[in-house]
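*Asks:* Give the three-dimensional model of this entry:
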Amino acid sequence: MKFVTFTIALALCATSAGAQRPARNRPIQPRRQALEREFRQRSEQVVRDKLNLNDEQVSRLRAVNATLGAQRNTLVQQERAVRLDLRDEMSKGGAADQNRVAQLMNQAHDLQARRFALQQSEQQQLSTFMTPVQVAQYVGLQAQIRQRVREMQQGQGGESDIPNP
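*Replies:* Okay, the predicted model is just below:
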């Protein structure tokens, strides 16, 4: 479990390193890329070990993650933007634009539905090469990692960009 925590901390360093440096200080990019690569490798090894995956399963898992990763990242960014817009609108109190709030609430609902559909698609794809127990364990590992990242981000005073599952 300490290894997983280290891996998560490494990911946070990779994520926050670029965000904390001013735009003029770009030499951090190669370091960030190296940290992200190391995080992916360590995460893959944790998943391989915990789920007892063979080489073919790991390769197929990599492919699923590559296919769905961009979609997941886009959804996370869109959800964050909607949350921030909604927070800004609601901060106006009685002057909040009712139509804008309704629109943002609808967008948030639609994005949640898209995230759920993406999760279903991921589980269907995983079930083509993993056992049901391995899929459940993988989903559980993902949830634990997301929770730990949220806790660590909140401990740093940052808002979590990871939506609740």
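*Asks:* contacts and neighbour counts: CA atoms only from here.
*Replies:* Noted.
*Asks:* Report the buried residues of the lengthiest helix in the chain.
*Replies:* Using DSSP state H, we find that the single longest helix of the chain is helix 55-90. Buried residues in helix 55-90, counted by 16 or more other C-alpha atoms under 10 Å: 57-58, 60-61, 64, 72, 75-76, 79-80, 82-83, 86, 89-90.
*Asks:* mean confidence for the helix or strand in which residue 152 is found?
*Replies:* Assessed by DSSP states H and E, residue 152 sits inside helix 132-155. In this model, helix 132-155 has a mean pLDDT of 88.
*Asks:* ditto for stretch 41-59
*Replies:* Stretch 41-59 shows a mean pLDDT of 92.
*Asks:* Using neighbour counts, pick out the buried residues of it.
*Replies:* 42-43, 46-48, 51, 53, 57-58.
*Asks:* ok, which pair from those residues is furthest apart?
*Replies:* Among the buried residues of stretch 41-59, the pair separated by the greatest distance (C-alpha to C-alpha) is 42 and 57, at 16.3 Å.
*Asks:* And the helix or strand following the longest helix of the chain, what's buried?
*Replies:* Using DSSP H and E, the helix or strand that follows helix 55-90 in sequence is helix 98-126. Using 16+ other C-alpha under 10 Å as the test for burial, helix 98-126 gives 101, 104, 107-108, 111-112, 115, 118-119, 122-123, 126.
*Asks:* could I get those as CSV with pLDDT?
*Replies:* Output for the buried residues of helix 98-126, formatted as CSV (pLDDT from 0 to 100):
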residue, pLDDT
101, 97
104, 97
107, 98
108, 97
111, 97
112, 96
115, 95
118, 96
119, 94
122, 95
123, 95
126, 97
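*Asks:* Redo those residues as a markdown table? Include distance to residue 155.
*Replies:* Formatted as a markdown table, the buried residues of helix 98-126 follow (distance: C-alpha to C-alpha, whole Å):
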| residue | distance to residue 155 |
| --- | --- |
| 101 | 30 |
| 104 | 28 |
| 107 | 29 |
| 108 | 26 |
| 111 | 27 |
| 112 | 26 |
| 115 | 26 |
| 118 | 29 |
| 119 | 28 |
| 122 | 30 |
| 123 | 31 |
| 126 | 33 |
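*Asks:* Closest one of the residues you listed to residue 145?
*Replies:* When those are compared for distance to residue 145 (C-alpha to C-alpha), residue 119 wins out at 15.7 Å.
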